[in-house]
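Student: Sequence first, then the predicted structure, then my questions.
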Amino acid sequence: MTEPNRSAHQSDPANRARLRWRSRRGLLENDIILTRFLDAHETELTDEEVDAFTRLLDLSDNALMDLVLARKEPEGEVDLPHVHALLQRLRHA
């Protein structure tokens, strides 16, 4: 029996710690939403989902909050199918 494929993110504890650290935000609401999402789903995230999460973390706190609360939809560099998919998961978490 073969071992299931582990993504590069999942197999690197430093990457996982870095993602969790970057999820700590200035806006408490973002901090709570992102931390709770990681608490529930971190071990199952694919590399594509980690890429989407990282792209969202590159946004300002207010822009991120607008996306998570569906006040706005992704545009520009974050207007990608895998970012939209991850946002749906965040919105329903």
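Tutor: It's in.
Student: Check the offset of the helix or strand harbouring residue 88 from the chain's centre.
Tutor: Using DSSP states H and E, residue 88 sits within helix 81-91. Put simply, helix 81-91 sits 8 Å off its chain's centre (C-alpha atoms, centre = their mean, to the nearest Å).
Student: what does stretch 36-50 give?
Tutor: 7 Å.
Student: where are the low-confidence patches of this protein?
Tutor: Along the chain, the model assigns pLDDT under 70 to residues 1-11.
Student: Nearest residue to the residue positioned nearest the centre of the chain in space, ignoring adjacent ones along the chain?
Tutor: For the chain, the residue nearest the mean C-alpha position is residue 53 (2.6 Å; C-alpha atoms, centre = their mean). Distances taken as C-beta to C-beta, 6 or more residues apart in numbering place residue 86 nearest to residue 53, at 6.1 Å, with adjacent residues excluded. Heads up, the C-betas are built off the backbone N, CA and C, glycines and all.
Student: show me the residues around that neighbour that make contact.
Tutor: 49, 52, 53, 56 (C-beta atoms under 8 Å, 6 or more residues apart in numbering).
Student: between whichever strand or helix holds residue 66 and helix 81-91, how many degrees?
Tutor: If you go by DSSP H and E, residue 66 is part of helix 61-68. Per axes from the mean of the first three to the mean of the last three C-alpha atoms, to 10 degrees, the angle that helix 61-68 makes with helix 81-91 is 80 degrees.
Student: Check which residues of helix 61-68 are buried.
Tutor: 63, 64, 65, 67, 68 (16 or more other C-beta atoms under 10 Å).
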